[in-house]
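A.B. asks: Here is a sequence with its predicted model. Questions after.
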Amino acid sequence: MIIASIPDFREASRRRTPHFLFEYIDGGSYAEVTLRRNVADLEAIALRQRVLRDISQIDLSTELFGVKQALPVVLAPVGLAGLNARRGEVQAVRAANAAGVPFTLSTVSVCPIAEVAAASDRPFWFQLYMIRDRVFMKDLLAQARAAGCSALVFTVDLPVPGSRYRDVRSGLAGAPGMWGDMRRLIQGAMRPGWAWDVGLFGRPHHLGNVVPVLKGKTGLNDFMAWMGRNFDPTITWADLDFIRAEWDGPLIIKGILDPEDARQAADRGADGIVVSNHGGRQLDGVLSSARALPPIADAVGHRLTVLADGGVRSGLDVARMLALGARGVMLGRAWAYALGADGEAGVAKMLKLIAAELRVAMALGGFTRIDQIDRSALAAP
């Protein structure tokens, strides 16, 4: 099929990857109200079109946490994404490096920190959940420091997992033991290209960073059970002191939807936040990121770096998020779809597509630099 947009990558990924993997990436929680809002509310943002301005020299570069990058985007942490292509996170970090943007490795990635570091020619970011086992967390942070990770993304909106019904229907969750394994095996066999490239030659299929604590039980069912037992529901703002004691680089708090929580993050010394509802995968019915972003940016944008994710499906959406107050935009499903569609080449093409669409949006809006995009880019309601 011809791929000309991120929805095209989504369709190509649906055709290539096993059903349970696609549904995991594509789905949200409960009735998926917030998942749909993320896209719809962002699409509804009207931008001003300006004319007769010199837009012959457009610069898409920006600076985040003291590092210049080619685009105002970051590849967000996506758990299990590495199963969408052979050693998927390695392919994704290479594409991010070539495009000059940061890649964020999930705690629950297929490829472990050391493997991704060995494949990367520039520092990448690392994402961490609050786990009951603080010794395990210290070890992960030590590995991230040793690998040269340049920023820590601390995800705070998952003290307990949201109910994701698609994962139950697809066989990723809710079907333990031999029956669950058989369902996934059959689905994998129905995608022969994936079965050959990933299923057979993409081993090991472990979640590399958590293998030590799974104690030899490395199946998906084992991971799901471990996650339910070990994500820490007792987490409070005071736990940021523990993180700060173990990490002295840029600290970015991901999962902020309320201005008061954003102020708390700033008061606690965070360097940045990500306005995010976990892609509509946690509490269904909450605000879309596009709706939550402006008051948060107004509250703390002068104190720390505000990033945002959720519903971004084009470079035009990136421009919209910037206009609403973000300094940078995290792409999650976009790169996971592209990875599933065509591996490293797919992610590289997706980033070129985002850049081209953003360039056109800036040109037609009369902007030549990323830092010029602000509320003045928004059309009056």
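C.D. replies: Looks like it arrived, so ask away. Everything numeric in this text was worked out from a predicted model, so none of it was measured.
A.B. asks: Just to check, Val67 is in contact with Trp125?
C.D. replies: No - counting by Cβ atoms under 8 Å, Val67 stays clear of Trp125, with 10.4 Å between them. For every residue, glycine as well, the C-beta is placed using N, CA and C.
A.B. asks: Just give the nearest non-adjacent residue to Gln289, would you?
C.D. replies: Check again: residue 289 is Ser, not Gln. Of all residues not flanking Ser289 in the chain, Gly310 sits nearest, at 3.3 Å (Cβ to Cβ, 6 or more residues apart in numbering).
A.B. asks: The one you found: helix or strand, and which one exactly?
C.D. replies: Secondary structure assignment for Gly310, by DSSP states H and E: no helix or strand.
A.B. asks: Verify the contact between it and Arg281 for me.
C.D. replies: No - using Cβ under 8 Å, Gly310 makes no contact with Arg281, being 10.1 Å away.
A.B. asks: Tell me which residues touch Val347, please.
C.D. replies: Taking Cβ atoms under 8 Å, 6 or more residues apart in numbering, we find Val347 in contact with Leu75, Gln91, Ala92, Ala95, Ala96, Trp335, Ala338, Leu339.
A.B. asks: which ones among those are found in strands?
C.D. replies: Mapping the contacts of Val347 onto strands (DSSP state E) picks out Leu75.
A.B. asks: May I ask which helix or strand of the protein has the lowest mean pLDDT?
C.D. replies: Ranked by mean pLDDT, DSSP states H and E, the weakest helix or strand in the chain is helix 220-230, scoring a mean of 68.
A.B. asks: hey, where'd the helices end up in the stretch 1-150 of the chain?
C.D. replies: 6-16, 19-26, 33-43, 88-99, 113-119, 134-146 (DSSP state H, counting those that start in this stretch).
A.B. asks: In PDB, list the C-alpha atoms belonging to the fourth one.
C.D. replies: It stands for helix 88-99. Written as PDB, here are the backbone C-alpha positions of helix 88-99 (Å, rounded to 0.1, in the frame of the first residue of the first chain):
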ATOM      1  CA  GLY A  88      12.400  -3.000  17.500                       C
ATOM      2  CA  GLU A  89      13.700  -0.400  19.900                       C
ATOM      3  CA  VAL A  90      17.200  -0.700  18.300                       C
ATOM      4  CA  GLN A  91      15.700   0.100  14.900                       C
ATOM      5  CA  ALA A  92      13.700   3.000  16.400                       C
ATOM      6  CA  VAL A  93      16.700   4.600  18.100                       C
ATOM      7  CA  ARG A  94      18.700   4.400  14.900                       C
ATOM      8  CA  ALA A  95      15.900   6.200  13.000                       C
ATOM      9  CA  ALA A  96      15.700   8.900  15.800                       C
ATOM     10  CA  ASN A  97      19.400   9.400  15.700                       C
ATOM     11  CA  ALA A  98      19.400   9.900  12.000                       C
ATOM     12  CA  ALA A  99      16.600  12.400  12.300                       C
END
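A.B. asks: Looking at Gly310 and Arg281, which one has more neighbours?
C.D. replies: For the pair Gly310 and Arg281, the greater number of neighbours falls to Gly310 (33 against 25), based on other Cβ atoms under 10 Å.
A.B. asks: quick one on the thing from earlier: identify the residues contacting whichever helix or strand comes after the least confident helix or strand of the chain?
C.D. replies: Moving toward the C-terminus from helix 220-230, the first helix or strand encountered (DSSP H and E) is helix 240-246. For helix 240-246, the surrounding residues in contact (Cβ under 8 Å, 6+ apart) are 128, 134, 137-138, 141-142, 152, 154, 251, 253, 268-270.
A.B. asks: now the residues you listed in CSV, with distance to Ala326?
C.D. replies: Shown next, in CSV, are the contacts of helix 240-246 (distance: Cβ to Cβ, whole Å):
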residue, distance to Ala326
Leu128, 22
Arg134, 32
Met137, 28
Lys138, 31
Leu141, 26
Ala142, 31
Leu152, 19
Phe154, 18
Leu251, 18
Ile253, 14
Arg268, 21
Gly269, 21
Ala270, 15
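A.B. asks: Export these as CSV, with columns for distance to Leu378 and pLDDT.
C.D. replies: CSV is the format used below for these (distance: Cβ to Cβ, whole Å; pLDDT from 0 to 100):
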residue, distance to Leu378, pLDDT
Leu128, 34, 95
Arg134, 44, 88
Met137, 41, 91
Lys138, 44, 94
Leu141, 39, 96
Ala142, 44, 96
Leu152, 32, 98
Phe154, 31, 97
Leu251, 30, 98
Ile253, 26, 98
Arg268, 31, 95
Gly269, 31, 94
Ala270, 27, 97
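A.B. asks: of all those, which two lie farthest apart?
C.D. replies: Ala142 and Arg268 (22.1 Å; Cβ to Cβ).
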